[in-house]
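**Student:** turn this into a structure:
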Amino acid sequence: MAIATYKKLESLSNFFYNDGLEKAGVRDLTGAIESLQQSLRMNKNNIDARNLLGLVYYEMGEVVAALSEWVISKNFRPEDNIADDYMDMVRNSPAKLEDINQTIKKFNIAYNYCRQDSLDLAVIQLKKVLSLNSGFIKAHLLLALLYLKAGNFDRAKVEAQKVLKLDTGNLMARRYLKEADNMLLPGDGGKLVSDAASSGNNETIRYNSGNEMIIQPRKQSVLTKSGSIWGIVLGIVLGIAVSCFLILPQRIKNITNNNNRTITGISEVSDSKSAQIGEYEQQIAKLNKQLKDLNERVGENQDAASTCLMKAVKIYMEDPTNIDGIALALEKVNVDENEKDLSAEFKDLYGALMQKVGSRLADIYYDEGKEAYKKKDYTVAIEKFAKAYQYYKDDENIIYYLANSYYDNGDIEKAKEKYDLIISNFPKSKCATSSKTKLAEINNSSAGKSSTSDNSDNTGN
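**Tutor:** Numbering: from 1, shown residues only. The predicted structure is shown next:
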């Protein structure tokens, strides 16, 4: 039963791979990605599907995502894998690597400008991105969206068409193209055009109904054909004269008085509102400055982390045994603390690298942490053990020493947190038994302090 299920999943994986290959052949890159991802869900070991997915990402300008897939493919099949050639294509071109780094940095800057509503600056950065990588589909789409927002529908249409040349199945590009066409070629929906169409001809009225023009004769009242019209006109004139000299002045005076009272009330309210608005504007300006500073720091941290990770991957591809070099490159990368600010592609590539070297990196920091712990330098010990835990989370000894360092440094809450983690994740280990003993000591100590405090209060009373 299990073999039959495996063969069925493998067959489905190959089916979706072939479907993705056909879509990639006609440049339906979005459809190809969906089929290839479905293929990998059925069989994650489908090396051909994973390598092709990396090629599609590379064609769309997503170089980090492409490298991530190829590194994972290399991990599954270390020998006789065409992913080596694909990675060599990027690795052996320093200029290409620099362009990739600049593309990622400038696109992130453009994205931050969009969040700050600095759309003109975002457009400038996106143009620089596309000058470095004209196949970067996300940059084309974001530029088209900014053009739509600014009312430059012709330029938005051009960018959407460029995306569809690169990726014929991109639904977002089709949506932007349709929006631009609708704004450039709005329909008239049967609007009345009698005044324009009937100029020079007072006997007919013309109007459009859909795609047809309707022409009909103008109706004339019987009064216009008789002499009694002059009596009606004279009565209207006399009525207007009476209104102007008797009724209208008093009504104008009443309306003026009401308007003056209304204006006075509005002025009083406006003064108080203006004061509140002034305060709100100051608060908004302060918050905008804080948001701008925060976005700049997030952008800088992400750019720096991406650069360090790319450097570490390059070192690993050149010499997988150079663990010290990889550790130095990743020194300032902390995925646990900045997880929300990092992209999915970054996490995938980082995870693939950790599968290869994570345990060896952890050994380096674990040994340094033990040396610091022996010297009772608990601050340094905490730093080293935390770094070791970041790289390798399946060693209870690392967590136990980290918990002991927190405990000896006086940070009881964090120590309890790590002891609980060991008990939960490694319940049958010796470290779990020792952790239970430590927690019992901490709880007994807390209970003793509480009892002493209560006795002191009773004595005072």
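**Student:** for the stretch 151-300 of the chain, which spans come out with low pLDDT?
**Tutor:** 185-231, 241-249, 271, 291, 293-300 (pLDDT under 70).
**Student:** let me see the domain layout of this protein.
**Tutor:** 2-92, 97-184, 187-218 (automatic domain parsing).
**Student:** from the chain's centre, how far out does the lengthiest helix in the chain sit?
**Tutor:** Longest helix of the chain, by residue count under DSSP state H: helix 248-318. Between the centre of helix 248-318 and the centre of its chain there are 22 Å (CA atoms, centre = their mean, to the nearest Å).
**Student:** helices or strands next to that helix in the packing?
**Tutor:** Helix 248-318 is packed against helix 63-76, helix 83-91, helix 94-115, helix 323-329, helix 344-374, with contacts defined by 3 or more CB pairs under 8 Å, 6 or more residues apart in numbering; DSSP states H and E. Yep, even glycine has a C-beta here, placed from its N, CA and C like the rest.
**Student:** export the domains of the chain to TSV and tack on mean neighbour count?
**Tutor:** Below are the domains of the chain laid out as TSV (neighbours: other CB atoms under 10 Å):
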stretch	mean neighbour count
domain 2-92	18
domain 97-184	18
domain 187-218	11
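**Student:** out of these, which is closest to residue 361?
**Tutor:** Taking CB to CB, domain 2-92 is the member of the domains of the chain nearest to residue 361, at 16.0 Å.
**Student:** now do that closest one: distance from first to last residue.
**Tutor:** 44 Å (CA to CA, to the nearest Å).
**Student:** also stretch 390-402?
**Tutor:** End residues of stretch 390-402 are separated by 12 Å (CA to CA).
**Student:** got the contact list for it?
**Tutor:** Applying CB atoms under 8 Å, 6 or more residues apart in numbering, the external contacts of stretch 390-402 come out as 334-336, 354, 358-359, 361-362, 365-366, 369-370, 373, 381-382, 385-386, 388-389, 418, 421-422, 425-426, 429, 431-432, 434-435.
**Student:** redo that, cut-off 6 Å
**Tutor:** 336, 358-359, 361-362, 366, 385, 388-389, 418, 421-422, 426, 429, 431 (CB atoms under 6 Å, 6 or more residues apart in numbering).
**Student:** min pLDDT across those residues, which one?
**Tutor:** Lowest pLDDT among the contacts of stretch 390-402: residue 336, with 71.
**Student:** what about the nearest residue to residue 90 once chain neighbours are set aside, neighbour count?
**Tutor:** Closest residue in space to residue 90, ignoring its immediate chain neighbours: residue 96 at 6.0 Å, by CB to CB, 6 or more residues apart in numbering. The number of residues packed near residue 96 is 14, by other CB atoms under 10 Å.
**Student:** can I get the domains of the chain in CSV including distance to residue 289?
**Tutor:** Below are the domains of the chain laid out as CSV (distance: least, CB to CB, whole Å):
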stretch, distance to residue 289
domain 2-92, 31
domain 97-184, 11
domain 187-218, 46
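**Student:** tell me which of the ones you listed sits nearest to residue 347.
**Tutor:** It is, among the domains of the chain and with distance given as CB to CB, domain 2-92, at 8.9 Å.
**Student:** now find how far off-centre the closest one is within its chain.
**Tutor:** Using CA atoms, centre = their mean, the offset of domain 2-92 from its chain centre is 24 Å.
**Student:** quick one: average pLDDT of that domain?
**Tutor:** Here domain 2-92 scores 89 as its mean pLDDT.
**Student:** from now on call the first residue 33
**Tutor:** Noted, 33 is the first residue going forward, which turns the last one into domain 34-124.
**Student:** if we can go back for a sec, do you know which of the domains of the chain lies nearest residue 343?
**Tutor:** Closest approach to residue 343 among those (CB to CB): domain 129-216, 9.5 Å.
**Student:** first-to-last residue distance for that closest one?
**Tutor:** 40 Å.
**Student:** and the helices in the stretch 133-282 of the chain?
**Tutor:** 151-164, 169-182, 185-198, 203-216, 226-229, 261-274, 280-350 (DSSP state H, counting those that start in this stretch).
**Student:** make CSV out of these and add distance to residue 58.
**Tutor:** What follows is the helices of the stretch 133-282 of the chain, written out as CSV (distance: least, CB to CB, whole Å):
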stretch, distance to residue 58
helix 151-164, 24
helix 169-182, 16
helix 185-198, 12
helix 203-216, 16
helix 226-229, 48
helix 261-274, 75
helix 280-350, 32
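**Student:** which one of the ones you listed lies nearest to residue 444?
**Tutor:** Closest approach to residue 444 among the helices of the stretch 133-282 of the chain (CB to CB): helix 280-350, 30.7 Å.
**Student:** quick check: angle from that closest one to helix 376-406?
**Tutor:** Relative orientation of helix 280-350 versus helix 376-406 (axes from the mean of the first three to the mean of the last three CA atoms, to 10 degrees): 60 degrees.
**Student:** about what we covered before: out of the helices of the stretch 133-282 of the chain, flag the one nearest residue 437.
**Tutor:** Closest to residue 437 of the helices of the stretch 133-282 of the chain is helix 280-350 (CB to CB; 25.9 Å).
**Student:** tell me what angle the closest one forms with helix 95-108.
**Tutor:** 30 degrees.
**Student:** follow-up on the earlier one: which of the domains of the chain sits closest to residue 282?
**Tutor:** Closest among those, using CB to CB: domain 219-250, at 38.3 Å.
**Student:** hang on, the earlier thing: residue 294 is nearest to which of the helices and strands packed on helix 280-350?
**Tutor:** helix 126-147 (42.2 Å).
**Student:** compute the inter-axis angle for the closest one and helix 280-350.
**Tutor:** With the same axes, to 10 degrees defining the directions, helix 126-147 sits at 150 degrees from helix 280-350.
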